[in-house]
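[1] A predicted structure for the sequence below; I have some questions about it.
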Amino acid sequence: MTDRDSEAARIARARLPEGLRPETLAVRTALAPSQHGENSEALFLTSAYVQPDAETSARRFAQMEDFTYSRTGNPTVRSFEARLAAMEGAGAAVATSTGMSAILLLAMGLLKAGDHLVCSRSVFGSTVNLFAKEFGKFGVETSFVSQTALAEWRAALRPTTRLLFAETPTNPLTDVCDIRALADLAHGAGALLTVDNTFCSPALQRPLALGADVVVHAGTKYLDGQGRVMAGALCASDKLVREVFSPVVRTAGMTLSPFNAWVVLKGLETLSLRMKAQSEATLTVARWLEAHPAVARVYYPGLASHPQHALAMAQQSGLGGAVLSFDARGDTPEAARAAAFRVIDSTRVLSIATNLGDTKSIITHPATTSHGRLTEAQRQATGIGQGLIRLAVGLEHVDDITDDLQRGLGAL
Ligand SMILES: *Cc1c(COP(=O)(O)O)cnc(C)c1O
């Protein structure tokens, strides 16, 4: 019996009826409670597990069966993995310490020297650096292509291509790519498709059902949902998790702490409610911004004006997610930047920070923060101008958010 088989037997889900909806799985899926019968899942803060005798200990270490040491398995972490896998419709999940360590695990598990990767140019900045710089060092080559031009992805394929990596919608301009089309392209080339599903979460988008092979999460964002802890995960088939990813975590140790796993586990229970409420509020703010004379352009997949609106609605359960960006008007880059700073500095409710997925709405100037290390030419190529403002909408009353934006926009 493997580690995971024995745990599967303990997963309370085994006692649940078949066919439960995702919202129910988000609340109910976990390992079975302890002998105390706690209704809220317990937090197991322990690094080691006492073994009944030396013989059992030897067997458990040899077969990775049951719990031995928390780098290789912890009940709270396993409950989080089981719940997230159920919500993504995945065979299994493996938790990691951050979103970036999930992507590190992906690359360590699937790639070796001489392999080639095709990646959208618009993915999270650290993801670009991890592939291009860190894995470039080890002889893995990455081709960066347009998020939305399928022909560029196809043209980049080589006999050594092992992986296609996409993130949708992108940050901060919310470009949407067609997951099913990329999955077909990957499989035709004998490669796997990974989708970073951080922005939509399984409450809106389930990439595996659209043909993707691996889903990446920065649990730091919506899975936690209240801006408290760092966390990450990969979701995939049971075989990929058991044979490829779990052994790497055991060896390399990008393990999620039990405390952070517990926080994110509880976060999953309210994910669907939060994503719906935050998406609805974001659409209201996007429409309000689109009608504002001081705003040049709004980027939000929920708007009919978004270039991939129809695709986004089909792929994301009819919702746009909770991140939008907009351009403050300005005739020159300097004027646009001054306008953007004026808007940001006039807010009194929104947090000036660089994060998203929190209950507190966050306002960001990408050109001088998340994308500040790009050259002006690179920034122009990606469309991230000096007037661009990103807003990650939280759970305040939507009128208080638009009132706050009006304090700055009204003064321009
Ligand atoms: C934040 C983020 C990451 C990285 O997650 P960390 O937990 O900060 O390491 C990866 N992808 C996306 C889309 C993100 O927003």
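    Structure's in. What do you need? Numbering: from 1, shown residues only.
[2] Name the residues of the stretch 51-200 of the chain found near the ligand, please.
    98-100, 124, 167, 171, 196, 198-199 (Cβ under 6 Å from any ligand atom). In this view, the C-beta of every residue, glycine as well, is placed from N, C-alpha and C.
[3] One more pass at 5 Å, please.
    Residues of the stretch 51-200 of the chain lying near the ligand by Cβ under 5 Å from any ligand atom: 98-100, 124, 196, 198.
[4] Strands - which of those residues land there?
    Asp196 (DSSP state E).
[5] Next, format the residues of the stretch 51-200 of the chain next to the ligand as a markdown table and append distance to His397, neighbour count and pLDDT.
    Below are those laid out as a markdown table (distance: Cβ to Cβ, whole Å; neighbours: other Cβ atoms under 10 Å; pLDDT from 0 to 100):
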| residue | distance to His397 | neighbour count | pLDDT |
| --- | --- | --- | --- |
| Thr98 | 32 | 19 | 98 |
| Gly99 | 29 | 24 | 98 |
| Met100 | 34 | 20 | 97 |
| Phe124 | 30 | 20 | 91 |
| Asp196 | 31 | 26 | 98 |
| Thr198 | 26 | 23 | 98 |
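[6] Tell me the one among the residues of the stretch 51-200 of the chain next to the ligand nearest to the ligand.
    Gly99 (2.3 Å; Cβ to the nearest ligand atom).
[7] Next one: the closest one from Gly219, what distance?
    7 Å (Cβ to Cβ, to the nearest Å).
[8] in the stretch 101-250 of the chain, what residue is nearest the ligand?
    Counting by Cβ to the nearest ligand atom, the stretch 101-250 of the chain gets nearest the ligand through Ala218, at 3.1 Å.
[9] show me what contacts that residue?
    Contacts for Ala218 (Cβ atoms under 8 Å, 6 or more residues apart in numbering) come out as 98-100, 102, 124, 196, 198, 231-232, 357.
[10] List phi and psi for it.
    Dihedral pair for Ala218: phi -90, psi 100, per degrees, to the nearest 10.
[11] any idea how far the residue lying closest to it once chain neighbours are set aside lies from Phe124?
    Excluding its sequence neighbours, the residue lying closest to Ala218 (Cβ to Cβ, 6 or more residues apart in numbering) is Gly99, at 2.6 Å. When distance is defined by Cβ to Cβ, Gly99 is 8 Å away from Phe124.
[12] anything in contact with each of the two?
    With Cβ under 8 Å, 6+ apart, Gly99 and Phe124 have common neighbours 196, 198, 218.
[13] Please convert those to CSV, extending it with distance to Phe326.
    Formatted as CSV, the shared contacts of Gly99 and Phe124 follow (distance: Cβ to Cβ, whole Å):
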residue, distance to Phe326
Asp196, 23
Thr198, 21
Ala218, 23
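[14] quick one, what contacts the nearest residue to Asn355 once chain neighbours are set aside?
    Excluding its sequence neighbours, the residue lying closest to Asn355 (Cβ to Cβ, 6+ apart) is Ile362, at 5.7 Å. Neighbouring residues of Ile362 by Cβ under 8 Å, 6+ apart: 350-356, 391-392, 394.
[15] Quick check: ChimeraX command selecting the buried ones in the residues you listed.
    Buried members of the contacts of Ile362, defined by 16 or more other Cβ atoms under 10 Å, are picked up in ChimeraX with:
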select :350,351,356,391,392,394
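[16] Closest to the ligand out of the contacts of Ile362?
    The closest of the contacts of Ile362, once distances to the ligand are taken by Cβ to the nearest ligand atom, is Leu356, at 6.4 Å.
[17] which residue sits closest to that closest one, ignoring its sequence neighbours?
    Ala392 (3.5 Å).
[18] what's near enough to touch the one you found?
    322-323, 355-358, 361-362, 364.
[19] For the lengthiest helix in the chain, could you pull out the residues that count as buried?
    Determined from DSSP state H, the single longest helix within the chain is helix 271-290. Buried residues in helix 271-290, counted by 16+ other Cβ under 10 Å: 271-272, 274-275, 277-290.
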